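Colleague: sequence first, then the predicted structure, then my questions.
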Amino acid sequence: MSSVSPAQDDFVAAFTSETLPISGRVVRMGPRSLSPILQRHAYPDHLGEILGEAVLLSTLIGSAMKFQGRILAQAEGDGPVSMLVGEYNTDGSVRAYSRYEAERWAYLEKVNRGEKPHMPQLFGPQGALALIIIQDDRNVQPYQGIVPLVKGSLADCAEDYFHQSQQVQTCLALSVKRDAAGEWHAGGMMIQKMAGDDARGDTDEGWREAMALFNTLDPEELCSEELPAQDLLYRLFHEGGVRMQSPEPLDDNCTCNEERLRHTLAGMPDESLREMAEDDGMLGVDCQFCARHYDIPVEAVTGAAN
């Protein structure tokens, strides 16, 4: 198996089994990737956990892409949480953001007596999860797959997406926690069934065995600082032989920049931009993800400048 330092807590890696018909990926996030994102906005603990799960989900899916780009796991609805998005970029950067109503959230926490809310409580009966894939090649249109948020957890809803939209049998496990020092730690794992062929034969029995082993996962194991990911994989799948590939590092790194922001603003009506401008003719814009502030001259993005 690949050698990964137990202290390395910010990576994603593929893994394979020598005998079981699965392809898999495992992710760990902590002080370099997830923790700064959740601390930046001081989300309530349960909301931080669910937002962290969205980042894990986008990373598990996006790190398997064979092209340069990014994937967003974006949930929307009309509940206490109106929008939540976790984003993974193939350069290893991750970012996330959520919009919620503090009063409705506090009421939900009270009703649940401190228990973690389920998806319909968070996003309402019309809530939906969109998985959006955007390639760096601008000639390729973004892809979007949508599934209703009717199950209890984000992982359960994402499994439905794979079963219904991709017709790939998938098991997902996501776990996020905050320690006593306020640092966030997270771990996730995904396995998918490989189709049978002349070499493998029928894979149904092997898949059932893999699912049974996967279902022994404990949430604490997934994000444990004391249990390295390769040791967890060995505990689960050692009888069939398991190999973890070289890990890909992850980092909290927002993709916002002034050029991209100017391009977005230039697409807005000039009148609206001038109404938004301050008395000094500057547009003050904050990135919702990283809270970085930009001051852009309104004349640089209106018709007079184009």
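Modeller: Nice, I can see it. Numbering: from 1, shown residues only.

Colleague: show me the helices in the stretch 51-200 of the chain, by range?
Modeller: Counting by DSSP state H, counting those that start in this stretch, the segments of the stretch 51-200 of the chain that form helices are 102-111, 119-123, 154-161.

Colleague: what stretches of the stretch 101-250 of the chain score poorly on pLDDT?
Modeller: For the stretch 101-250 of the chain, residues meeting the criterion pLDDT under 70 lie at 198.

Colleague: before we move on, the earlier item: redo the helices of the stretch 51-200 of the chain as TSV? Include mean neighbour count and distance to Asp91.
Modeller: Backbone N, C-alpha and C define where each C-beta goes, glycine included. Formatted as TSV, these follow (neighbours: other C-beta atoms under 10 Å; distance: least, C-beta to C-beta, whole Å):
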stretch	mean neighbour count	distance to Asp91
helix 102-111	13	33
helix 119-123	22	30
helix 154-161	21	23
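
Colleague: with respect to Gly77, which of those helices lies nearest?
Modeller: Shortest distance between Gly77 and the helices of the stretch 51-200 of the chain, using C-beta to C-beta, is found for helix 119-123: 2.8 Å.

Colleague: pull the distance from the closest one to the chain's centre.
Modeller: 17 Å (C-alpha atoms, centre = their mean, to the nearest Å).

Colleague: cool, and stretch 65-73?
Modeller: So, by C-alpha atoms, centre = their mean, the centroid of stretch 65-73 is 11 Å from its chain's centroid.

Colleague: and what of stretch 242-251?
Modeller: Taking mean C-alpha positions (C-alpha atoms, centre = their mean), stretch 242-251 and its chain are 17 Å apart.

Colleague: check which residues of it are buried.
Modeller: Buried residues in stretch 242-251, counting neighbours by 16 or more other C-beta atoms under 10 Å, are found at 242, 244, 247-248, 250.

Colleague: please apply the same query to stretch 294-305.
Modeller: For stretch 294-305, using 16+ other C-beta under 10 Å, the buried residues are 294, 296, 298-302.

Colleague: quick one: average pLDDT of it?
Modeller: What stretch 294-305 shows for mean pLDDT is 74.

Colleague: what's next to that stretch, contact-wise?
Modeller: 258, 261-262, 265-266, 268, 270, 273-274, 276-277, 281-287 (C-beta atoms under 8 Å, 6 or more residues apart in numbering).

Colleague: how many other residues sit next to Val285?
Modeller: Using other C-beta atoms under 10 Å, Val285 has 18 other residues around it.

Colleague: of all the helices of the stretch 51-200 of the chain, which one is nearest Tyr43?
Modeller: Once these are compared by C-beta to C-beta, helix 102-111 is nearest, at 9.6 Å.

Colleague: returning to that earlier point: list buried residues within the contacts of stretch 294-305.
Modeller: Members of these classed as buried by 16+ other C-beta under 10 Å are 261-262, 265, 270, 273, 277, 283, 285, 287.

Colleague: which of those sits closest to Ser165?
Modeller: When the buried ones among the contacts of stretch 294-305 are compared for distance to Ser165 (C-beta to C-beta), Cys287 wins out at 30.8 Å.

Colleague: name the SS class of Gly284, please.
Modeller: Assigned state for Gly284: strand (three-state reduction, DSSP: H, G, I helix; E, B strand; the rest coil).

Colleague: thinking again about what came up before, among the buried ones among the contacts of stretch 294-305, which lie within helices?
Modeller: Among the buried ones among the contacts of stretch 294-305, the residues falling in helices (DSSP state H) are 261-262, 265, 270, 273.

Colleague: columns distance to Gln74 on top of the helices of the stretch 51-200 of the chain, output as CSV?
Modeller: Putting the helices of the stretch 51-200 of the chain into CSV (distance: least, C-beta to C-beta, whole Å) gives the following:
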stretch, distance to Gln74
helix 102-111, 19
helix 119-123, 11
helix 154-161, 11
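
Colleague: which one of those lies nearest to Arg235?
Modeller: helix 154-161 (20.0 Å).

Colleague: what about that closest one, distance to the chain center?
Modeller: For helix 154-161, the distance to the chain centre is 13 Å (C-alpha atoms, centre = their mean).

Colleague: now the strands for the stretch 201-306 of the chain?
Modeller: Counting by DSSP state E, counting those that start in this stretch, the stretch 201-306 of the chain has these strands, from start to end: 242-244, 248-249, 251-252, 282-286, 293-297.

Colleague: need the ones you listed in a markdown table with distance to Ser165, can you?
Modeller: Shown next, in a markdown table, are the strands of the stretch 201-306 of the chain (distance: least, C-beta to C-beta, whole Å):
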| stretch | distance to Ser165 |
| --- | --- |
| strand 242-244 | 28 |
| strand 248-249 | 25 |
| strand 251-252 | 30 |
| strand 282-286 | 35 |
| strand 293-297 | 37 |
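
Colleague: which one of those lies closest to Ala158?
Modeller: Comparing the strands of the stretch 201-306 of the chain by their distance to Ala158 (C-beta to C-beta), the top pick is strand 248-249, with 20.5 Å.
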